[in-house]
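# mind folding the following:
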Amino acid sequence: MRIHTPLEEKLYTWAKAFVPQNIEDIIFADQNGIEPNNDFIVLEVVSVTSDMPAELRYKSIDLSDQIEENAIYRGVVNLRMRVITKENTLETAEEIKTRIWMTKSLETLEAVNLGINSIGESSNMSFLENERSRYRADIPILLHYTATYQDIIQTIGKVTVKGYNSVDGTQIVDTTIEEPGYTP
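Below is the predicted model of the structure:
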């Protein structure tokens, strides 16, 4: 089970557009499995936040009694990218940060509805494991993220408005309003 599959698919597509040739694999932090033996990057979605409600847009569907409701979500993705290499890890991290701003990367970002908010400093996170140095650098990245969710909602179709005089009870309004294309 994945934590956020649609977002991860977008991040993977984007990462393929900028990783240098020495990086052979792109994996996600919460994937269970065997760690690659070659140089690779790990993408970890730390959080997804939004400080505003979704924007709602409505569109009538031809001449029916239905309306298409679109909820446009805008949020910020806190992404941690781990660069794991056999050597030159910080240099590779800096190369990745540079390549993120190249045309192919930016065009891919736009195509998957992501945008760069900020890229932090590369941090040396190397450690010793089984008497062997593991070279790792972390790059914090904030991305703008949009998604559209859609629903079809039924409308009333036909409304009859009747109004009566409160003093003598005589009818003063009797109007029926129908949506175009309404069929009972």
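
# the lowest-mean-pLDDT helix or strand in the chain - contacts with which helices or strands?
Among the helices and strands of the chain, strand 127-129 carries the lowest confidence by mean pLDDT, DSSP states H and E, at a mean of 78. With contacts defined as 3 or more Cβ pairs under 8 Å, 6 or more residues apart in numbering; DSSP states H and E, the packing partners of strand 127-129 are strand 132-154. Bear in mind the C-beta positions are built from the backbone N, C-alpha and C, glycine included.

# which residues are in contact with the very next helix or strand once past the strand it packs on?
For strand 132-154, the following helix or strand on the C-terminal side (DSSP states H and E) is strand 158-164. Residues from elsewhere that reach strand 158-164 (Cβ atoms under 8 Å, 6 or more residues apart in numbering): 170-179, 182, 184.

# burial of E107, as a residue count?
10 (other Cβ atoms under 10 Å).

# go on, the one 5 residues further on?
Residues contacting V112 under the criterion other Cβ under 10 Å number 18.

# would you map the helices across the protein?
5-16, 89-99, 103-111 (DSSP state H).

# can you redo those as a markdown table with distance to I139 and mean pLDDT?
Listed next are those as a markdown table, based on distance: least, Cβ to Cβ, whole Å; pLDDT from 0 to 100:
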| stretch | distance to I139 | mean pLDDT |
| --- | --- | --- |
| helix 5-16 | 11 | 92 |
| helix 89-99 | 6 | 95 |
| helix 103-111 | 14 | 96 |
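
# let me have those in a markdown table, adding distance to R134 as columns.
Shown next, in a markdown table, are those (distance: least, Cβ to Cβ, whole Å):
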| stretch | distance to R134 |
| --- | --- |
| helix 5-16 | 21 |
| helix 89-99 | 9 |
| helix 103-111 | 27 |
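
# so for I26, which of the ones you listed sits nearest?
helix 5-16 (4.9 Å; Cβ to Cβ).

# and that closest one, what does it pack against?
Judged by 3+ Cβ pairs under 8 Å, 6+ apart, the packing partners of helix 5-16 are strand 25-28, strand 40-49, strand 66-85, helix 103-111, strand 114-119, strand 132-154.

# could these go into JSON lines alongside distance to E55?
JSON lines is the format used below for the helices and strands packed on helix 5-16 (distance: least, Cβ to Cβ, whole Å):
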{"stretch": "strand 25-28", "distance to E55": "29"}
{"stretch": "strand 40-49", "distance to E55": "16"}
{"stretch": "strand 66-85", "distance to E55": "4"}
{"stretch": "helix 103-111", "distance to E55": "19"}
{"stretch": "strand 114-119", "distance to E55": "16"}
{"stretch": "strand 132-154", "distance to E55": "10"}
